[in-house]
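>>> got a predicted model here, sequence first, then my questions.
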Amino acid sequence: MARLAALVTGRGIPEFPALALTVLRITTGVTLFLHHGWEKRPTQWGAFMAHFPSLFHLGSPLSFLIAFFSDFVCSLLIVLGLGTRWAALFCFCNIWVAWEFVHHFAFLGHGPAADHGELIVLYLGALATIVLAGPGRFSLDGALGKG
C-alpha cells in the first residue's frame, strides 16, 4: 500500500527545482524570441511600422519599439538569465497589453483573435512564474549571486 501511495503522489521521484526553472526560462525565452522577437529584428522595422497599433496614444513607432524591446531584447535576457525578473516582468506587461488591446482578452472561441488566446495565457503563466521564482541557479543572475 505504501508503494502505491508513493507512486500516486510522486514521492520518491527526485526533484530538481533549479533545473526546472532553467528549462522554463529557456523554453519561454526561446519561443518568445523565435515566434515574436525575430520577426521584429531591425531589418524588418519598415514593414512593422506601417501597420503596428498605437497603444496608449504613444504612436506606432514607440509602441513598436516597446514591443521590440520586450520580444527581442528581454526574451534573450530571459534565456541568458540576466536581469531575469525585470525582463520577464517587462515581457509580461507587454503581452498583457497586447492581449487586452489587440486581442481583447480572447481565449476561447473561433474569431480571428481567439487563435492566440491559449498561447498568450501560457506565456503569461510562464512569465509570472519566472518573475515570482527567479531565474534559478543555472543563470547569469545565479552566477552573479542575484538569482
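The structure has been received and is ready for your questions. Residues are numbered from 1 along each chain as shown.

>>> quick one: contacts of stretch 36-48?
With contact meaning CB atoms under 8 Å, 6 or more residues apart in numbering, stretch 36-48 is reached by 64, 67, 68, 71, 72, 73, 75, 76. All C-beta spots, glycine's among them, are computed from the backbone N, C-alpha and C.

>>> show me those residues that map onto strands.
Within these, no residue falls in strands by DSSP state E.

>>> out of the residues you listed, who's nearest residue 29?
residue 75 (4.8 Å; CB to CB).

>>> what about that closest one, how many neighbours?
Look at residue 75: counted by other CB atoms under 10 Å, it has 25 neighbours.

>>> tell me the spacing between it and residue 129.
As for residue 75, its distance to residue 129 is 15 Å (criterion: CB to CB, to the nearest Å).

>>> so who does the nearest residue to residue 64 once chain neighbours are set aside touch?
In space, residue 64 comes closest to residue 52 once its chain neighbours are excluded; the distance is 4.3 Å by CB to CB, 6 or more residues apart in numbering. Counting by CB under 8 Å, 6+ apart, residue 52 touches 60, 61, 63, 64, 67.

>>> change it to 7 Å
60, 63, 64 (CB atoms under 7 Å, 6 or more residues apart in numbering).

>>> just curious, which of these is nearest to residue 35?
Using CB to CB, these come closest to residue 35 at residue 64, 16.6 Å.

>>> still on that earlier bit, please read off the pLDDT at the residue nearest to residue 64 from the model.
Residue 52 is assigned a predicted lDDT (pLDDT) of 78.
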